[in-house]
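Participant: Below is the structure, and that's it, no one-letter string:
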DNA sequence: AAGTAATACTACGCGCGAGTAGGTTAGGCG
DNA sequence: CGCCTAACCTACTCGCGCGTAGTATTACTT
């Protein structure tokens, strides 16, 4: 029948009737995130979303608008969820390294527990047309700026303190590394979230520390030039 | 049914005629890469591809098959191009660091010169359905294994040499960091390919060197544990 | 010069899925 | 107890775009 193996609660769906709008909107968004993540925006059909949500199609249009608007609503909700999860875990009182470490841990943990949410944000949103890429880009940008300022704060006591703007390429690299590592994790589930987060934290923090303190690599044999930050 | 049989050669049809199959296939693939990259698989129409290619639609079906097959052909050609560009730049005679550096340089350079190719491989291929993701995954896997063995070779002289398999998460992180940095680059074109490649090389190589030599970070203050590699 | 195969086009069938028209029932409230 | 609104449905329309039937034209071979 349906290629969906996790069809929990298939038969006894008395399709609870007359629920308030807010509850239905939640159900619809839940279903939409799941289907969009599994199939991608274009292959996802409103009929399937309505079926998974346990409601008929016109209600989706009445409550959340067109297919595009529904997709944007999904991106917004899931991006908010992710960023808030990380934000609340990062205590501004502790040192930058500890903040980064906690952020990474929660990030990996979130993805482990919310695969569909992550696939939607990372795989589907950036592809599939300009409007979605732009929408997602804003959220990504916020995360970048946050991390960049974190890294900049970490250089405050060093010989050469950095501006958050100068840290942006490093922040981009770090985020990309985390994303890629998460993808790799899918095919190597024997590793733990904390283990991988630790690996990445080490790689990033140690390399970053070297650069801040002036140790660097340059082509044609090691030297202690200052080209790392241009 | 030609309109105006006596109208000797109007003007606006340079559409070169009767070209051999191999040439047409090249033109079609060029057009397809461009359109698929710009619009994504689903929004791209065969009509637009045929128009850009300067040929009619049935020829595409005759030469390259369905829309899906054409997309796969694009992925294969562009992935081959990219991997070959990097492979030829990496001289197995020089040290691992120099190999990695050259690979990164060529990688950044390739993306700069072949935006459409890169967008196709990085943005469009992983989204849009299983068949394409699988196809692309094979190529990505090859690159990963290559880099992992490179990193492993770099640890040969160290206190604790590593197996290529153990290096996979680091390779994944490195590739992801490079990809993300390339995305960031699009919105900050004032940077040069070499400059960004250098930043990433430094971050990765220095951090990696620390870990190989046993220096590591751990939560709750620095310590010299050995948890980085589990 | 005639035959053949490769190159090329115009114009259409047809399925799929976004979005809607129009009608029905439940529950809150006087 | 009847009225009104919000929740909810079935059953359509209609356009878009993949893929193809059928045909024409050029180049190479003998």
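Facilitator: Happy to help now that I have it. What you are looking at is a predicted structure, and each value in this text was computed from that prediction instead of being measured.
Participant: CA atoms for contacts and neighbours, from now on please.
Facilitator: Fine.
Participant: how many other residues sit next to residue A:93?
Facilitator: 8 (other C-alpha atoms under 10 Å in any protein chain shown).
Participant: my bad, should have said residue A:186
Facilitator: Residue A:186 has 12 neighbouring residues, counting by other C-alpha under 10 Å.
Participant: again, but for the one 4 residues further on
Facilitator: Other residues near residue A:190 come to 8 when the count uses other C-alpha under 10 Å.
Participant: Assign the residue of chain A found nearest DNA strand D to helix, strand or coil.
Facilitator: The nearest approach of chain A to DNA strand D comes at residue A:18, 3.1 Å away (C-alpha to the nearest atom of the strand). At residue A:18 the chain is in coil, as set by DSSP: H, G, I helix; E, B strand; the rest coil.
Participant: Quick one: list the elements packing against the worst-scoring helix or strand of chain A on mean pLDDT.
Facilitator: For chain A, using mean pLDDT, DSSP states H and E, the weakest element among its helices and strands is helix A:130-154, scoring a mean of 90. Applying 3 or more C-alpha pairs under 8 Å, 6 or more residues apart in numbering or on different chains; DSSP states H and E, one finds that helix A:130-154 contacts helix A:67-89, helix A:96-113, helix A:168-186.
Participant: Okay, angle between the last one and helix B:168-186 too, please.
Facilitator: Comparing the axes of helix A:168-186 and helix B:168-186 via axes from the mean of the first three to the mean of the last three C-alpha atoms, to 10 degrees yields an angle of 140 degrees.
Participant: buried residues in the helix or strand following helix A:168-186?
Facilitator: Next along the chain after helix A:168-186, taking DSSP states H and E as the criterion, comes helix A:193-212. Buried residues in helix A:193-212, counted by 16 or more other C-alpha atoms under 10 Å in any protein chain shown: A:193, A:195-212.
Participant: what do you get for stretch A:59-67?
Facilitator: Buried positions in stretch A:59-67, judged by neighbour count with 16+ other C-alpha under 10 Å: A:60, A:64, A:67.
Participant: Could you show which parts of chain A are in contact with DNA strand C?
Facilitator: Neighbours of DNA strand C within chain A, by C-alpha under 7 Å from any atom of the strand: A:17-18, A:42-47, A:57-58, A:61, A:66-68.
Participant: Show me which of those residues are buried.
Facilitator: The neighbour count (16+ other C-alpha under 10 Å) marks A:42, A:44-46, A:67 as buried among the residues of chain A next to DNA strand C.
Participant: Which ones, among the residues you listed, also lie beside chain B?
Facilitator: Near chain B, judged by C-alpha under 8 Å from any C-alpha of the partner chain, the entries from these are residue A:42.
Participant: Throw the buried ones among the residues of chain A next to DNA strand C into JSON lines and include distance to DNA strand D, thanks.
Facilitator: Shown next, in JSON lines, are those (distance: C-alpha to the nearest atom of the strand, whole Å):
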{"residue": "A:42", "distance to DNA strand D": "11"}
{"residue": "A:44", "distance to DNA strand D": "15"}
{"residue": "A:45", "distance to DNA strand D": "12"}
{"residue": "A:46", "distance to DNA strand D": "10"}
{"residue": "A:67", "distance to DNA strand D": "15"}
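Participant: Would you mind giving the buried ones among the residues of chain A next to DNA strand C as a markdown table with pLDDT and secondary structure added?
Facilitator: As requested, those are exported to a markdown table (pLDDT from 0 to 100; DSSP: H, G, I helix; E, B strand; the rest coil):
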| residue | pLDDT | secondary structure |
| --- | --- | --- |
| A:42 | 97 | coil |
| A:44 | 97 | coil |
| A:45 | 98 | coil |
| A:46 | 98 | helix |
| A:67 | 98 | helix |
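Participant: Of the buried ones among the residues of chain A next to DNA strand C, which is the nearest to chain B?
Facilitator: Nearest to chain B out of those is residue A:42 (C-alpha to the nearest C-alpha; 6.7 Å).
Participant: quick one, what contacts the closest one?
Facilitator: Listed by C-alpha atoms under 8 Å, 6 or more residues apart in numbering or on different chains, the contact set of residue A:42 reads A:128, B:42, B:128.
Participant: Secondary structure element holding the first one?
Facilitator: When secondary structure is defined using DSSP H and E, no element contains residue A:128, which sits outside every helix and strand.
Participant: Tell me who's in contact with it.
Facilitator: Residue A:128 neighbours (C-alpha under 8 Å, 6+ apart): A:41-42, B:39-40, B:42-43, B:124.
Participant: biggest separation within those, which pair?
Facilitator: In the contacts of residue A:128, two members sit farther apart than any others by C-alpha to C-alpha. They are A:41 and B:39, at 13.4 Å.
Participant: Settle it for me: which of these two has more neighbours?
Facilitator: Relative neighbour count places residue A:41 above the other of residue A:41 and residue B:39, with 24 against 17, counting by other C-alpha under 10 Å.
Participant: phi, psi of the more buried one?
Facilitator: phi -60, psi -50 (degrees, to the nearest 10).
Participant: these two touch, right, it and residue A:124?
Facilitator: Yes: applying C-alpha atoms under 8 Å, one finds residue A:41 in contact with residue A:124, separated by 6.8 Å.
Participant: Show me where chain A dips below the pLDDT cut-off.
Facilitator: For chain A, the stretches with pLDDT under 70 are A:1-16, A:221-230.
Participant: How about the residues of it by DNA strand D?
Facilitator: Contact residues, chain A versus DNA strand D (C-alpha under 7 Å from any atom of the strand): A:15-21, A:24, A:54-59.
Participant: change it to 6 Å
Facilitator: A:17-21, A:24, A:55-58 (C-alpha under 6 Å from any atom of the strand).
Participant: Find the pair from those residues with maximum spatial separation.
Facilitator: Most distant of the residues of chain A next to DNA strand D, by C-alpha to C-alpha, are A:20 and A:57, 16.5 Å apart.
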